[in-house]
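Visitor: coords below, sequence missing:
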């Protein structure tokens, strides 16, 4: 296909495509010249000194047994690592007790988790 055929095909598409838009003559101004009031420039204040955020909600109350479980979950491995880095050999009973405390704390926290709402995707407004 030659470029003449392409040009003719495009011209046919343009000629047969919907209604043509009315273009105003070049001597007609598009903006009303009688308007003397210039628009105010856009002004943005980045820091509003009058804004006071609402008070924070009170922190959630953690039950003592859950707090103890968190201490066991985090404290047991930290103690084992600390004694390992210090090159101090704990008695086998104490090492086993720390491992059992870690596992028991993890099991307690998982067992007492609140049920998850299947319709909640975590998004907040």
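Guide: Structure's in. What do you need? Owing to the predicted nature of the structure, the values given are computational and were not obtained by experimental measurement.

Visitor: in the protein, which ranges drop under the pLDDT threshold?
Guide: Across the chain, the ranges flagged by pLDDT under 70 are 1, 28-39, 45, 48, 125.

Visitor: hey, where'd the strands end up in the chain?
Guide: With DSSP state E, there are no strands along the chain.

Visitor: What is the longest helix of it by residue count?
Guide: In the chain, assigned by DSSP state H, the helix with the most residues is helix 64-85.

Visitor: Off-centre distance for it?
Guide: Relative to its parent chain, helix 64-85 has a centroid offset of 31 Å by Cα atoms, centre = their mean, to the nearest Å.

Visitor: Kindly report the same for stretch 9-22.
Guide: Using Cα atoms, centre = their mean, the distance between the centre of stretch 9-22 and that of its chain works out at 48 Å.

Visitor: Residue numbering should commence at 324 henceforth.
Guide: Sure thing, new numbering starts at 324, so read that last one as stretch 332-345.

Visitor: tell me how far the ends of that stretch are from each other?
Guide: Taking Cα to Cα, to the nearest Å, the first and last residues of stretch 332-345 lie 24 Å apart.

Visitor: Helices along this structure, start to end?
Guide: 326-338, 387-408, 415-434.

Visitor: Which of these sits closest to residue 372?
Guide: helix 387-408 (40.6 Å; Cβ to Cβ). Quick note: C-beta positions are derived from backbone N, CA and C, even for glycine.

Visitor: what's in contact with the closest one?
Guide: 385, 412-413, 418, 421-422, 424-425, 427-429, 431-432, 435 (Cβ atoms under 8 Å, 6 or more residues apart in numbering).

Visitor: Going through those residues, which ones are buried?
Guide: Buried by 16 or more other Cβ atoms under 10 Å: 421, 424-425, 428, 431, out of these.

Visitor: residues in contact with residue 331?
Guide: Per Cβ under 8 Å, 6+ apart, neighbours of residue 331: none.

Visitor: roughly how far apart are it and residue 325?
Guide: 10 Å (Cβ to Cβ, to the nearest Å).

Visitor: follow-up on the earlier one: turn the helices of the chain into JSON lines, columns for distance to residue 347.
Guide: As requested, these are exported to JSON lines (distance: least, Cβ to Cβ, whole Å):
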{"stretch": "helix 326-338", "distance to residue 347": "21"}
{"stretch": "helix 387-408", "distance to residue 347": "74"}
{"stretch": "helix 415-434", "distance to residue 347": "73"}
